[in-house]
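3D model of this:
(one chain, ligands or ions: 1)
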Amino acid sequence: MNMYIEPANKKLPITILTGFLGSGKTTLLNYILTERHGHRIAVIENEFGEVDVDSDLVLASDEEIFQMQNGCICCFVDVRNDLIDVMKKLLSHKDKFDHIIVETSGLADPTPVATAFFVDRSVAEEVELDAVVTLVDAMHIDQHLYDPVLDGSDNQAVNQIVAADRILVNKIDLASEEALGSLEGSLRKLNQTAPILRSTYGKVDLSNILGVNGFRPSYVRERAEILDIDMDDDHDAHGDHHHECHGATCDHPDHDHERDHGHDHAPASGLRPHQHDATVKSHSFVYPQSFDGEKLAGFLKDYLSEYGDDIFRTKGIVSVANDERFFVLQAVHKLVDFRPDHSWGDDTRKSKFVFIGRNLDRDGIDRNLRACLAA
Ligand SMILES: Nc1nc2c(ncn2[C@@H]2O[C@H](COP(=O)(O)OP(=O)(O)OP(=O)(O)O)[C@@H](O)[C@H]2O)c(=O)[nH]1
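Below you'll find the predicted structure:
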């Protein structure tokens with residue numbers, strides 16, 4: 001049985017626009033919709049706390065805007081099902097646009113929203129996640145990141161930053177250079193890989209946040225960049241091209257096994273020091289060998305269905321034996337999307353995985369991954 005999804009011809013890229021309440025999502029969206037950028041965009045908006053689902057598809061110039069207002073998109077299964085229905089409607093006349101933006105409510109956790117696209121197979125085959133773009137209010141974010149009320153419970157402001165592929169620090173007109181520097185330092189501790197951009201009223205070079213997979217020489221690199229996986233051969237400097245990761249036992253100096261998404265930063269706001277999920281970590285694994293694709297797909301599915309509550313995101317670029325194409329892994333909690341992409345071309349074949357979450361068993365993951373290497 002084929003356990004991974006074969007690629008359809010051309011997939012519609014989806015950008016998930018997230019950010020805490022009032023961070024400037026609608027402002028950015030309006031900027032995107034009025035800017036000439038060559039994309040024809042359909043928008044799905046999810047406002048928090050409104051009553052009705054507006055099932056009309058509203059056409060606004062070249063763009064299509066669809067409002068979902070019956071609850072928070074990340075909290076209610078019904079709303080996520082609505083999202084799939086909306087998506088199917090959009091896909092039924094996809095000739096009219098080439099990009100979809102989903103604006104989540106300010107209290108949403110973007111990961112369940114991203115997950116929703118993988119749930120429905122017919123939708124999953126037609127769309128792909130371009131990027132999770134998280135807006136940060138340069139002036140107010142501290143009070144949410146260090147919210148003492150949330151001590152010990154889920155903090156959506158933190159989750160939004162952790163899940164980001166691009167972070168846009170907005171409202172820089174309201175913050176000093178010093179405060180921005182310190183904020184960016186805090187953001188870096190939460191998310192070590194997403195590029196951090198700055199804006200006022202959402203004005204940003206849109207090529208940095210939309211269609212970020214376009215126009216790069218190496219397709220492998222491009223996909224890796226979207227997934228924020230560093231595919232650079234760190235080991236060149238050491239003449240160690242074939243270094244294998246041994247998880248916890250690996251002592252390679254350049255190896256990025258454990259990125260600490262936890263943080264005990266001193267709050268700029270003067271609130272008492274607060275620990276956000278010091279338990280959230282990321283581990284990466286790199287292997288020069290190719291994998292048995294079926295085995296790996298089976299392992300990922302089983303492992304994430306068992307531990308996916310704690311594992312927020314899993315990403316990877318994978319070399320599969322006897323297949324010219326590199327495979328892209330993108331999982332959100334328990335839902336796994338693992339599929340072939342383009343040919344490796346001139347790029348060196350190697351596999352790299354990133355696991356982000358709590359209570360990660362690095363040795364166990366390493367052992368299990370190794371068991372899926374091609375014979
Ligand atoms: N000074 C300043 N104000 C901004 C900037 N960007 C947005 N705003 C203002 O911030 C407020 C909130 O912006 P929105 O775009 O509505 O924020 P949002 O993220 O969509 O808010 P929610 O829908 O509540 O989640 C509005 O009054 C904007 O005009 C900025 O760069 N500088």
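
got the residues of the stretch 101-250 of the chain near the ligand?
Residues of the stretch 101-250 of the chain lying close to the ligand by CB under 6 Å from any ligand atom are 106, 170-171, 173-174, 200-202. Heads up, the C-betas are built off the backbone N, CA and C, glycines and all.

so which of those residues are in strands?
Among these, the ones falling in strands (DSSP state E) are residue 170.

of all the residues of the stretch 101-250 of the chain next to the ligand, which two lie farthest apart?
Distance extremes for these: the farthest pair is 106 and 173 at 20.1 Å, using CB to CB.

ok, those two, which is more surrounded?
residue 106 (23 against 10; other CB atoms under 10 Å).

pLDDT value on the more buried one, please?
We have a pLDDT of 60 for residue 106.

what do you get for residue 335?
74.

hmm, residue 120 and it touching each other?
No - using CB atoms under 8 Å, residue 335 is not in contact with residue 120, being 10.7 Å away.

so where's the stretch 51-200 of the chain uncertain?
51-81, 105-108, 118, 144, 147-154 (pLDDT under 70).

so which residues of it form helices?
77-91, 110-119, 121-124, 141-145, 156-162, 177-190 (DSSP state H, counting those that start in this stretch).

output these as CSV; include the columns mean neighbour count.
Shown next, in CSV, are the helices of the stretch 51-200 of the chain (neighbours: other CB atoms under 10 Å):
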stretch, mean neighbour count
helix 77-91, 18
helix 110-119, 22
helix 121-124, 14
helix 141-145, 22
helix 156-162, 25
helix 177-190, 16
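
could I get these as JSON lines with distance to residue 10?
Shown next, in JSON lines, are the helices of the stretch 51-200 of the chain (distance: least, CB to CB, whole Å):
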{"stretch": "helix 77-91", "distance to residue 10": "12"}
{"stretch": "helix 110-119", "distance to residue 10": "16"}
{"stretch": "helix 121-124", "distance to residue 10": "15"}
{"stretch": "helix 141-145", "distance to residue 10": "37"}
{"stretch": "helix 156-162", "distance to residue 10": "29"}
{"stretch": "helix 177-190", "distance to residue 10": "34"}
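
would you confirm that residue 104 contacts residue 16?
Yes - using CB under 8 Å, residue 104 makes contact with residue 16 at a distance of 6.5 Å.

overlap in contacts, these two.
110, 113 (CB atoms under 8 Å, 6 or more residues apart in numbering).

am I right that residue 231 sits in a helix?
No - counting by DSSP: H, G, I helix; E, B strand; the rest coil, one finds residue 231 to be coil, located in no helix.

pretty sure it is touching residue 224, no?
Yes - under the criterion of CB under 8 Å, residue 231 makes contact with residue 224 at 4.1 Å.

give the residues shared as contacts by the two.
317, 352.

want to throw the residues of the stretch 101-250 of the chain next to the ligand into a markdown table with distance to residue 361?
Formatted as a markdown table, those follow (distance: CB to CB, whole Å):
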| residue | distance to residue 361 |
| --- | --- |
| 106 | 34 |
| 170 | 37 |
| 171 | 40 |
| 173 | 45 |
| 174 | 43 |
| 200 | 44 |
| 201 | 45 |
| 202 | 40 |
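
of the residues of the stretch 101-250 of the chain next to the ligand, which is the most crowded?
residue 170 (28 neighbours).

so it touches residue 202, yeah?
Yes - Residue 170 is in contact with residue 202 according to CB under 8 Å; the separation is 6.0 Å.

identify the contacts common to those two.
24, 27-28, 135.

list only those of the residues you listed flagged as buried.
24, 27-28, 135 (16 or more other CB atoms under 10 Å).

what packs against the longest strand anywhere in the chain?
The longest strand of the chain (DSSP E) is strand 127-137. Secondary-structure packing of strand 127-137 (3 or more CB pairs under 8 Å, 6 or more residues apart in numbering; DSSP states H and E): strand 12-19, helix 110-119, helix 156-162, strand 166-170.

and of the ones you listed, who's closest to residue 370?
Of the helices and strands packed on strand 127-137, nearest to residue 370 by CB to CB is helix 110-119, at 26.0 Å.

contacts for that closest one?
So helix 110-119 is contacted by 14, 16, 18, 73-74, 80, 83-84, 87, 102, 104, 123-124, 127, 129, 132, 134, 159-160, 163-164, 312-313, 332-333, 335-337 (CB under 8 Å, 6+ apart).
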